[in-house]
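K.L.:
sequence and computational prediction follow.
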Amino acid sequence: MAKLLEPDTITQKLKPTRNNKGKEIQEYGQLVKLPIALSESVCKESVENLNQLLADTMTLRDLYKKHHWQVAGPNFYSLHLLFDKHYEAQAELVDEIAERIQILGGITLAMAADVAETSIIPRAPKGREAVSEQIARLLHAHEVVLKEARTMAREASESGDDGTNDLLVSDVIRTNEFQVWFVAEHAIEAQ
């Protein structure tokens, strides 16, 4: 019969040493050439664009979760549910964008500090904002993502990167336009 290891023994074997700078097998910014019938220069441009979009989409996703937790007021319940639903859709986009980067042979941004450093969406305050401010902040973030996605989709199309173009148009742009519609309706005053 196999001898069972104690939990402390397992933890010690798996624990990384302090200040361990593990050897990277692919540096950020370096491409691995995959046989996807696209030139290295096309892949590099798309990876750079998609990493920017990834950072901004992750920021938008996190804004939805922040507002989901911090929303208050007479529309609390409906906005609480809406913000969480939109968070989930943005989380799916994050995964799709990251997978496309990997398909192109690139490395994705993944850590919060790198995302915060890269995103061009203004940082929200730590505290709770009024619903009108939350909505304005979300709409601005969507606009940033949509402007980027449209420009990047045109560039991808012109360079023959149909997979990236399709992701941007069919998923990123359509999802963000749909979410803008739902969020913007909360900013319209009833007549």
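P.N.:
Looks like it came in fine. Keep in mind it's a predicted model, so treat the numbers as computed, not measured. Residues are numbered from 1 along each chain as shown.
K.L.:
what segments of the chain are helices?
P.N.:
Taking DSSP state H as the test, the helices found in the chain are 7-14, 40-70, 76-103, 112-118, 131-159, 162-166, 174-184.
K.L.:
what pLDDT, on average, does the first one get?
P.N.:
Helix 7-14 shows a mean pLDDT of 65.
K.L.:
swap in the third one?
P.N.:
Confidence over helix 76-103 (mean pLDDT, whole number) is 97.
K.L.:
so it versus helix 40-70, what angle?
P.N.:
160 degrees (axes from the mean of the first three to the mean of the last three CA atoms, to 10 degrees).
K.L.:
what are the phi and psi values at Asn75?
P.N.:
Torsion angles at Asn75 (phi, psi; degrees, to the nearest 10) stand at phi -100, psi 20.
K.L.:
from what I can see it touches Ala130, true?
P.N.:
No. Counting by CB atoms under 8 Å, Asn75 does not reach Ala130; the two are 11.6 Å apart. Heads up, the C-betas are built off the backbone N, CA and C, glycines and all.
K.L.:
follow-up on the earlier one: can you redo the helices of the chain as CSV with distance to Tyr28 and mean neighbour count?
P.N.:
Shown next, in CSV, are these (distance: least, CB to CB, whole Å; neighbours: other CB atoms under 10 Å):
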stretch, distance to Tyr28, mean neighbour count
helix 7-14, 25, 9
helix 40-70, 9, 21
helix 76-103, 11, 17
helix 112-118, 8, 13
helix 131-159, 19, 18
helix 162-166, 19, 18
helix 174-184, 26, 16
